[in-house]
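Peer 1: Below is the sequence, then the predicted model.
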Protein chains: 2
Amino acid sequence: MIVARTVEEIRAAVQQLRTNRPNSTVGFVPTMGYLHEGHASLMRKSAEQNEISVLSIFVNPIQFGPNEDLERYPRNESGDLQLAGQCGIDIVFLPSVEVMYPQATKTKIRVAEVTEGLCGASRPGHFDGVTTVVAKLFNMVKPDRAYFGLKDAQQVAVIQQMVNDLNMDVQIIPCPIVRETDGLALSSRNVYLSDEERRQALVLSESLQMAHSLIREQSTITAAELNDVIVKHIQAMPIADIDYVEIVQYPSMERFAASVKLGEQKSDILIALAVRFGNTRLIDNLYLPYQL
Amino acid sequence: MIVARTVEEIRAAVQQLRTNRPNSTVGFVPTMGYLHEGHASLMRKSAEQNEISVLSIFVNPIQFGPNEDLERYPRNESGDLQLAGQCGIDIVFLPSVEVMYPQATKTKIRVAEVTEGLCGASRPGHFDGVTTVVAKLFNMVKPDRAYFGLKDAQQVAVIQQMVNDLNMDVQIIPCPIVRETDGLALSSRNVYLSDEERRQALVLSESLQMAHSLIREQSTITAAELNDVIVKHIQAMPIADIDYVEIVQYPSMERFAASVKLGEQKSDILIALAVRFGNTRLIDNLYLPYQL
């Protein structure tokens, strides 16, 4: 496994493997590190679909707000490298902030509309930071395919919109959420949780499961009714502090009107949650593709 | 010469020539068409430096403001194709608006600071439209080098900033202004001028020549003094309507303080003008690289 730390090194490493393995494709898994089984599923998928797989680990300062967890975001370089090796990664790109931003960037990529609600509303500027760094990484790695987890479903929608609008020559591969056996969606931020917070955080996946059952069983349930049930269920946990509960069309991220009957919708539905447990903000979602 | 009109066609054409000519480089000249000798100098430079040269002709709606000349912008496809052939272009990309924007783009690339003054101030949103379409074209053509005329000096600075910030793997080659024998800078918009407007428009190049002489001869002249001389000189033309006269550092486009002595500056100087003659807004500039 090659470890690259500068722009020149990552370009040269990809170029070298492309030359050594003619007609190969490059899969790319951009991450912020502290890798877990969710990331592992992306890396394995890349290794399965491409002759060359690149992982990047970079905690991107410009996607964090001033009061967010940039400083304490967990890191574990040696553990990450070990897991990457086990998952078939050929090149790991580990740039410093100075490598990624030798000067503060004057250029930002902004996606409108898709970024307006949900995490975009709670975290102003967050998605501009995400799209900008992803474009930079794409321009360095030049992948054929890039792998993103649907845990950040809005992020996937935003990146796909950017790729379409800017004619980036890369295929975005969304991959399903990976969960603990008790239902908690994997997240690097789960490490912040106390035992009690983690126990109460199970309400996220539980309320999504419940929502799924309700839509299946009551096709006339409205967006407002379902929203209300989910909010009440989450609020039953004393420390759960709701940031948002949103029922939206995917991938436009447009909110359904309150009176809309979800079981009768002819579009993909995303139910997305962001809830604080103590100092830790967790997100989870249920993606229901429309089936004819 | 290959003519491509869709994204698939331009990608395939470039790929085909790259395969046919191994280890070749691709030069790219993005234009809005109605080509003149200024464009020809860019195309010839590209043909000289690269085995493959691509020209694009696209009047980009999103870089025009609501009251600008999008509708009447001059076009001459057959003349353009002829000149392109004479200048060594291998592929001409002629996309329609529908090809470039199948839906209205939700994604924009915005460069801060460099875009704030001069044409960025006079034409709000103009440079967002330029950077966005240039990024799209770069992602389709994937050139090694791209050629831009210094007539739009701020545009060159903005694009170079975008390329640096987003790690785009393309070398930007700025090329000098081409002028008529009487000094008028070549522009597709010169066709709008009446005889009288064209005669009075010579004040642009004349005032820049005069400014050049003044800086050479009076090293203690201040930015404010030089600005004043230029403004007075232009205003002597009865129909000249000044949009801006700016003396700035290049490529940051930061305005020099009024009291700064230009002959003593240790930075590149750009003197940039935008002046209306009747309904036609013309720009011109003098670029003075700092010499040790």
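Peer 2: That came through fine.
Peer 1: now stretch A:86-96, how far from the chain's geometric center?
Peer 2: Relative to the mean C-alpha coordinate of its chain, stretch A:86-96 is positioned 18 Å out (C-alpha atoms, centre = their mean, to the nearest Å).
Peer 1: for stretch A:5-17, same thing?
Peer 2: Per C-alpha atoms, centre = their mean, the centroid offset for stretch A:5-17 relative to its chain is 25 Å.
Peer 1: Tell me the secondary structure at residue A:163.
Peer 2: helix (DSSP: H, G, I helix; E, B strand; the rest coil).
Peer 1: swap in residue A:248?
Peer 2: Relying on three-state DSSP, one would call residue A:248 strand.
Peer 1: Surely it touches residue A:270?
Peer 2: Yes - using C-beta atoms under 8 Å, residue A:248 is in contact with residue A:270, at 5.2 Å. Glycine gets a C-beta too; all of them are placed from N, C-alpha and C.
Peer 1: Report the buried residues of the lowest-mean-pLDDT helix or strand in chain A.
Peer 2: One helix or strand of chain A scores below all others by mean pLDDT, DSSP states H and E: helix A:118-122, with a mean of 95. By neighbour count on 16 or more other C-beta atoms under 10 Å in any protein chain shown, the buried set for helix A:118-122 is A:118-120.
Peer 1: Low-confidence regions, the stretch 151-292 of chain A specifically.
Peer 2: In the predicted model of the stretch 151-292 of chain A, residues A:292 satisfy pLDDT under 70.
Peer 1: wait, does stretch A:85-93 contact chain B?
Peer 2: No - residues of stretch A:85-93 contacting chain B under C-beta under 8 Å from any C-beta of the partner chain: none, with a closest distance of 12.0 Å.
Peer 1: contact partners of that stretch?
Peer 2: A:1-5, A:10, A:13-14, A:17, A:29, A:40, A:43-44, A:46-48, A:52-58, A:80-81, A:84, A:137, A:140-141 (C-beta atoms under 8 Å, 6 or more residues apart in numbering or on different chains).
Peer 1: please redo it, this time with the cut-off set to 6 Å
Peer 2: Under the contact criterion C-beta atoms under 6 Å, 6 or more residues apart in numbering or on different chains, stretch A:85-93 has outside partners A:1-4, A:10, A:13, A:40, A:43-44, A:47, A:52-56, A:84.
Peer 1: For that stretch, give the mean pLDDT please.
Peer 2: Averaging pLDDT along stretch A:85-93 gives 98.
Peer 1: Determine how far the last residue of that stretch lies from the first.
Peer 2: 13 Å (C-alpha to C-alpha, to the nearest Å).
Peer 1: For the residue of the stretch 151-292 of chain A found nearest chain B, which non-adjacent residue is closest in space?
Peer 2: Closest residue of the stretch 151-292 of chain A to chain B, C-beta to the nearest C-beta: residue A:165 (3.6 Å). Beyond its immediate neighbours in the sequence, the residue positioned closest to residue A:165 (C-beta to C-beta, 6 or more residues apart in numbering or on different chains) is residue B:107, lying 3.6 Å away.
Peer 1: Could you list every helix and strand that the lengthiest helix in chain A packs against?
Peer 2: Using DSSP state H, we find that the single longest helix of chain A is helix A:195-217. Counting contacts by 3 or more C-beta pairs under 6 Å, 6 or more residues apart in numbering or on different chains; DSSP states H and E, helix A:195-217 packs against helix A:223-235, strand A:268-277, strand A:280-288.
Peer 1: so it versus helix A:223-235, what angle?
Peer 2: With axes from the mean of the first three to the mean of the last three C-alpha atoms, to 10 degrees defining the directions, helix A:195-217 sits at 160 degrees from helix A:223-235.
Peer 1: Now helix A:195-217: buried residues?
Peer 2: Within helix A:195-217, the residues scored as buried using 16+ other C-beta under 10 Å are A:197-198, A:200-201, A:203-208, A:210-211, A:214-215.
Peer 1: ok, now stretch A:171-180?
Peer 2: Here stretch A:171-180 shows A:172-175, A:177-178 as buried, counting by 16+ other C-beta under 10 Å.
Peer 1: okay, the residues you listed in CSV with secondary structure and distance to residue B:224 next?
Peer 2: Putting those into CSV (DSSP: H, G, I helix; E, B strand; the rest coil; distance: C-beta to C-beta, whole Å) gives the following:
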residue, secondary structure, distance to residue B:224
A:172, strand, 53
A:173, strand, 58
A:174, strand, 57
A:175, strand, 60
A:177, coil, 62
A:178, coil, 64
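Peer 1: List the beta-bridge partners for whatever residue of the stretch 1-150 of chain A ends up closest to chain B.
Peer 2: Using C-beta to the nearest C-beta, the closest approach of the stretch 1-150 of chain A to chain B is made by residue A:107 at 3.6 Å. The bridge-partner assignment for residue A:107, based on DSSP bridges, gives residue B:111.
Peer 1: how near is residue A:146 to residue A:130?
Peer 2: 13 Å (C-beta to C-beta, to the nearest Å).
Peer 1: what's the answer for residue A:13, then?
Peer 2: From residue A:13 to residue A:130 the distance is 24 Å (C-beta to C-beta).
Peer 1: Could you dump the buried residues of helix A:118-122 into TSV and include distance to chain B?
Peer 2: Formatted as TSV, those follow (distance: C-beta to the nearest C-beta, whole Å):
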residue	distance to chain B
A:118	16
A:119	17
A:120	12
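Peer 1: Serialize these to TSV and add fields for distance to residue A:285.
Peer 2: TSV is the format used below for the buried residues of helix A:118-122 (distance: C-beta to C-beta, whole Å):
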residue	distance to residue A:285
A:118	9
A:119	10
A:120	14
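Peer 1: thinking again about what came up before, how many other residues sit next to the residue of the stretch 1-150 of chain A closest to chain B?
Peer 2: Residue A:107: 23 surrounding residues under other C-beta atoms under 10 Å in any protein chain shown.
Peer 1: For the buried residues of helix A:195-217, which two are the farthest from each other?
Peer 2: Taking C-beta to C-beta as the measure, these span a maximum distance of 28.4 Å, between A:197 and A:215.
Peer 1: Work out which residue lies at the spatial centre of chain A.
Peer 2: Nearest to the mean C-alpha position of chain A, by C-alpha atoms, centre = their mean, lies residue A:152 at 3.0 Å.
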